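> Next input, structure requested:
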Amino acid sequence: MKFKFLLSIWVTLMISTTNAKTHSPMSQDEAKIRSTIYSFSALADQNAFAHLGRLFAPTITLDYRAIFGGEPSVATPQSLMQQWAGFLPGFDTTYHELSNLNVVTKDDSAMVGVDFIARHWHGDNGFWAVSGRYHFALEKVADNWLINRLTVSNVSESGSRDVLGTVGKDAIANLKARDKRLVVVE
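This next block holds a predicted model:
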């Protein structure tokens, strides 16, 4: 009898603790910021470039020095989506996994840090993964939080970068084939 009583108290505590964690207060702005960041990876993996482009400010600074060297670059959403559309759909599958997302807001700007693992498959043997931390800067424009800076740090890799040289030739054909499955809502 005592065991059942203690068990019922434990279950009640676990449920209330879980509910407190999963339903903790979050501002609407933070929810929009988090949605933007999680959409960033999901839309990229789905090659949904028209929707992905809406997440960016009119000018974006990209800093991939930790992966590819060089210098930071500046792009528009249109030019960035064209660049990614000529590359990402060439893979059979990509999966950008995010974790440990932290948001700091001040007025109409936000900084977001999030750990990532970006996995890329091509063919039977082509695989490359890169992991590290994304650092996003966002600005609030009207009612939207838009990414205006993306920096990558703390990078490690597995697989082979050789796969990067082979995917461009398949990107456009793969994107066209995938776009045939789009559902248009009018």
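> make it CA atoms for all contacts and neighbour counts henceforth
Fine.
> Okay, buried residues for stretch 167-179 please.
When neighbours are counted by 16 or more other C-alpha atoms under 10 Å, the buried residues of stretch 167-179 are found to be 167-168, 170-172, 174-175.
> what's the answer for stretch 50-60, then?
Using 16+ other C-alpha under 10 Å as the burial criterion, the residues of stretch 50-60 that qualify are 52-57, 60.
> any idea how far the closest residue in space to residue 74 that isn't next to it in sequence is from residue 141?
Across the structure, with C-alpha to C-alpha, 6 or more residues apart in numbering as the measure, the residue nearest residue 74 apart from its sequence neighbours is residue 61 (4.5 Å). In this view, residue 61 and residue 141 are 17 Å apart by C-alpha to C-alpha, to the nearest Å.
> and what of residue 165?
Here the distance between residue 165 and residue 141 works out to 37 Å (C-alpha to C-alpha).
> where exactly do the strands run in this structure?
Remark: strands assigned in the chain by DSSP state E are 56-63, 73-75, 93-106, 109-122, 126-141, 144-159.
> would you list the ones you listed in CSV and tack on mean pLDDT and distance to residue 39?
Output for those, formatted as CSV (pLDDT from 0 to 100; distance: least, C-alpha to C-alpha, whole Å):
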stretch, mean pLDDT, distance to residue 39
strand 56-63, 98, 11
strand 73-75, 98, 19
strand 93-106, 97, 11
strand 109-122, 98, 13
strand 126-141, 98, 13
strand 144-159, 97, 12
